[in-house]
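[1] I would like the atomic coordinates for the input below:
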Amino acid sequence: MLSIKVVGPNCVNCNKLFQMCNEVIVENNLDANIEKINNPDKFVDLGVWITPALIVNGNILLQGKLPTKSTLTHWLEKGGR
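    The predicted structure follows:
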């Protein structure tokens, strides 16, 4: 099962990333648990300095921008590697 964390303070891009993750999970029938982290006190603990950020299976894959949907699909299908 994939562990996905979308990190950000509920900004437009953070919400868009969360929505994109949900779409990719459903469209590709991925077994995943997705969590939205919007408490700024936890960002640094997770190693996040710029939002939005995406953490998959403990690996920070993205900070400060949005991926294309195809890139996000590739990352999630590969388990965050």
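
[2] Which stretches in this structure count as strands?
    In the chain, strands defined by DSSP state E lie at 2-7, 32-37, 53-56, 59-63, listed in chain order.

[3] would you turn these into TSV with mean pLDDT and distance to Lys78?
    (Glycine included, C-beta is placed from N, CA and C.) Shown next, in TSV, are the strands of the chain (pLDDT from 0 to 100; distance: least, C-beta to C-beta, whole Å):
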stretch	mean pLDDT	distance to Lys78
strand 2-7	96	10
strand 32-37	96	13
strand 53-56	96	9
strand 59-63	95	10
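
[4] out of those strands, deepest packed?
    Here the criterion is mean neighbour count by mean count of other C-beta atoms under 10 Å, and of those the winner is strand 53-56, at a mean of 24.

[5] For this protein, give me the ranges with low pLDDT.
    80-81 (pLDDT under 70).

[6] re the thing from before, could I get the strands of the chain as a markdown table with distance to Gln19?
    Below are these laid out as a markdown table (distance: least, C-beta to C-beta, whole Å):
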| stretch | distance to Gln19 |
| --- | --- |
| strand 2-7 | 9 |
| strand 32-37 | 10 |
| strand 53-56 | 13 |
| strand 59-63 | 15 |
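
[7] okay, which residue is most central for this protein?
    Geometric centre of the chain, nearest residue: Leu54, 3.1 Å, by C-alpha atoms, centre = their mean.

[8] now for the strands of the chain, which one comes closest to Phe43?
    Among the strands of the chain, the nearest to Phe43 by C-beta to C-beta is strand 2-7 (5.9 Å).

[9] Report the angle between the closest one and strand 32-37.
    Interaxial angle of strand 2-7 relative to strand 32-37 (axes from the mean of the first three to the mean of the last three C-alpha atoms, to 10 degrees): 20 degrees.

[10] So what touches strand 2-7?
    Residues outside strand 2-7 that contact it (C-beta atoms under 8 Å, 6 or more residues apart in numbering): 14, 17-18, 21, 25, 30-38, 42-43, 46, 48, 51-58, 76, 79-80.

[11] re earlier: could you say which one of the strands of the chain comes nearest to Thr71?
    Shortest distance between Thr71 and the strands of the chain, using C-beta to C-beta, is found for strand 59-63: 8.9 Å.
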